[in-house]
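A.B. asks: need a structure here:
(one chain, ligands or ions: 1)
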Amino acid sequence: MTESANPYRISRLWAEFVDPAMERAYRLHMQPLLARHLRVALWVWGCLLLAFGLQDLQALGMSDEFLILAGCRALQAALVFALALLLPRYPGLAASGYAVTALEITGLVLFLPIYFLRPDIATITVMVLALMLLAMFLFVPNRLKLTLLSAAVGVTLILVSIWSKGLGADVIIGALILMSLPVVTGFFATQQLHTVQRRQFAMYSQARRANRELKKEVERRRLLEEELKRQATTDPLTGLFNRRQYEMLFRRERERCRRQGSAICVAMADLDRFKALNDEFGHDGGDEALRHVARLFTSKLREGDVVGRFGGEEFIILLPDTGVAEAERVVERLRQALEEEPLMVAGSPCSLTATFSLSLVLDSENDISETLRRVDAGLYRGKRSGRNQVVVV
Ligand SMILES: Nc1nc2c(ncn2[C@@H]2O[C@H](COP(=O)(O)OP(=O)(O)OP(=O)(O)O)[C@@H](O)[C@H]2O)c(=O)[nH]1
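C.D. replies: Residues are numbered from 1 along each chain as shown. Sure thing, here's the model as predicted:
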C-alpha cells in the first residue's frame, strides 16, 4: 500500500487522520466519550466562573464594576451550562468542536473586562489567563487546530489589552513569553495524546476489518465445503444420491434397523422404453425426463427414505423401517404417480412408465449389492412380463 493510499495516515502537525472519511469515523466512534468528558469539563468551568464571581463581590462590593463583571461571568456560565445540558441530546456538538471553540472565544472575550476593572490584580489576571489557555488544551476535548485558534484569539486579546493601556514593549514581550509557555506545552501534549488515540483507533479498525475478512473467508470455505460434499454425494444430473452415498446410507440404515428390530426394503426402478424416448426427444429431452422422475420419487416418499441413481435410467429406493407389504404399497404408489403425472419433454406431453422390483433385505445381507442381485432378477422378470408393474422378490 502506498503512503498516500494509507487511510490510517495521521497528520503530524494537527494529529488528525489525513483521510477525511477516516477522521469522521474516528470522531463518530469517540463521540460518546468526548461528550462525557466535555460535559464534566463544562460543569467544572461553569462552577469556577460562579466561584470567581463571589471573589469579585468580596473585593469590589456592590459597585458598578462588580455588576459588569458579574454580568459577564453570568452570561458565560449560562452559555457553558447550556452546552453541558445540550450534550446528552446532541453528542455531535462535542465531536465537531465548533460549539466548544465558539464558547472558548466568547469566554476569553468576556474574561477581559476584569483586566480593566480590577487593575489591582492585573498581573494575576494575565497568569490566570495563561492557566486558562493550558486548561483549554488539556481538559476541554476539542480538535487541536480549533483549540489553537481559541488560544491565538486569547493571546491576541490580552496583548492588545496590555498595549491599549500604554504599557511598554518589554511588558508586552514578557506577557507574550508567559502566554507562549502554556500554549506550546498544551499544544504538544495534546498533539501526542491525539496521535496515540488515533493510532489505537487505527489498530482497532484494522483488527475489525481483518476479522470481517476472516468471517467472509470462513463462510466462503463453508459454502465451498458444502458444495464439494454435495458434489461428492449426489448425481449431478438428478441431484439424487450417487452410488457411493446410497451404499453408505444403506449400511447405516441396515445397522440401525437391525438394532431396532425393524425391517428394511430395497427397490429398483427401471424406466420403460427409455431408449425410444431418447430417440424421439433427443438426449436433452431424456435428461429432462430423468430429472422429472427424480423430483416425483423424492416428493412421494417419506423423509427417511433414500432415493439414489443407480446409473442410466435406473433408480434405487431404500425404505427403512418398512415391511414388504407396506413397501409394495409405497412402490405401487410411485408406479401409478409416474404413469399419471403429466411429463412435458421439450414442450410436448409424453408418457413414461417404469418397472419396479422390490425385496426385503435378508438378515444375512450386509451389503446392498447382495440384495440388488435378487432385486435385479425381479426387474428382469417384470420387463419380460410386460413392464409398468411392481415385482416383489
Ligand atoms: N438422456 C439420457 N439417456 C440416458 C442416460 N443414461 C442412459 N440413458 C439412455 O437410456 C437408454 C436405456 O435403454 P435400454 O437399456 O435399452 O432400455 P429401455 O429403452 O429403457 O428399455 P427397457 O428398459 O427394456 O424398457 C439408452 O438409450 C441410454 O442411452 C442419461 O443420463 N441421459
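
A.B. asks: Distance-wise, check the residue sitting nearest the centre point of the chain relative to residue 205.
C.D. replies: Nearest to the mean C-alpha position of the chain, by C-alpha atoms, centre = their mean, lies residue 212 at 7.2 Å. Distance, residue 212 to residue 205, by C-beta to C-beta, to the nearest Å: 11 Å. In short, each C-beta sits where N, CA and C put it, glycine included.

A.B. asks: does the residue nearest to the centre of the chain count as helix, strand or coil?
C.D. replies: Three-state assignment for residue 212 (DSSP: H, G, I helix; E, B strand; the rest coil): helix.

A.B. asks: burial count for the closest residue to the ligand within the chain?
C.D. replies: At 2.4 Å from the ligand, residue 286 is the closest residue in the chain, using C-beta to the nearest ligand atom. The tally of other residues near residue 286 (other C-beta atoms under 10 Å) stands at 20.

A.B. asks: Give me the pLDDT for it.
C.D. replies: You'll see residue 286 listed with a pLDDT of 91.

A.B. asks: three-state assignment of it?
C.D. replies: helix.

A.B. asks: residue contacts, it?
C.D. replies: Contact partners of residue 286, counting by C-beta atoms under 8 Å, 6 or more residues apart in numbering, are 274, 277-278, 313.

A.B. asks: and of those residues, the nearest to residue 305?
C.D. replies: The nearest member of those to residue 305, counting by C-beta to C-beta, is residue 313 at 19.9 Å.

A.B. asks: neighbours around the closest residue to residue 393 other than its chain neighbours, how many?
C.D. replies: Spatially, and ignoring its direct neighbours in sequence, residue 393 is nearest to residue 378 (3.8 Å; C-beta to C-beta, 6 or more residues apart in numbering). The tally of other residues near residue 378 (other C-beta under 10 Å) stands at 20.

A.B. asks: For residue 378, give its distance to residue 306.
C.D. replies: For residue 378 relative to residue 306 (C-beta to C-beta), the value is 19 Å.

A.B. asks: ditto for residue 164
C.D. replies: According to C-beta to C-beta, residue 164 and residue 306 sit 99 Å apart.

A.B. asks: Neighbour count: these two, which is higher?
C.D. replies: residue 306 (20 against 10).

A.B. asks: So what sits opposite that one in the bridge?
C.D. replies: residue 318 (DSSP bridges).

A.B. asks: what sits against it?
C.D. replies: With C-beta under 8 Å, 6+ apart, residue 306 has these contacts: 241, 246, 249-250, 253, 316-318, 320.

A.B. asks: ok, now residue 250?
C.D. replies: 266, 306, 318, 367-368.

A.B. asks: Can you say which of the residues you listed are buried?
C.D. replies: Neighbour counting by 16 or more other C-beta atoms under 10 Å classes 266, 306, 318, 368 among these as buried.

A.B. asks: In this structure the last one contacts residue 266, no?
C.D. replies: Yes: distance between residue 368 and residue 266: 6.6 Å, which falls inside the contact criterion (C-beta atoms under 8 Å).

A.B. asks: Break down the stretch 1-150 of the chain into its strands, ranges please.
C.D. replies: Along the stretch 1-150 of the chain, no segments are classed as strands by DSSP state E, counting those that start in this stretch.

A.B. asks: Poorly predicted segments of it, please.
C.D. replies: Within the stretch 1-150 of the chain, the stretches with pLDDT under 70 are 1-4.

A.B. asks: residue ranges for the helices of it, please.
C.D. replies: Ranges of helices in the stretch 1-150 of the chain, per DSSP state H, counting those that start in this stretch, are 20-60, 64-86, 92-96, 98-111, 113-117, 122-138, 144-164.

A.B. asks: now for the third one, which elements pack on it?
C.D. replies: Read that as helix 92-96. If you count contacts as 3 or more C-beta pairs under 8 Å, 6 or more residues apart in numbering; DSSP states H and E, helix 92-96 packs onto helix 20-60, helix 98-111.

A.B. asks: what's it in contact with?
C.D. replies: If you take C-beta under 8 Å, 6+ apart as the criterion, helix 92-96 is touched by 27-28, 30-31, 34-35, 37-38, 83, 86-87, 99-100, 141.

A.B. asks: farthest pair in the residues you listed?
C.D. replies: By the measure C-beta to C-beta, 28 and 83 form the most distant pair in these, at 19.6 Å.

A.B. asks: So if I had to pick from these two, which one is more boxed in?
C.D. replies: Here residue 28 and residue 83 are compared on neighbour count by other C-beta under 10 Å; more neighbours surround residue 83, at 21 against 12.

A.B. asks: Was I right to think that one contacts residue 99?
C.D. replies: Yes: using C-beta under 8 Å, residue 83 is in contact with residue 99, at 6.0 Å.

A.B. asks: where does residue 159 sit relative to residue 173, distance-wise?
C.D. replies: Noted for residue 159: a distance of 9 Å to residue 173, by C-beta to C-beta.
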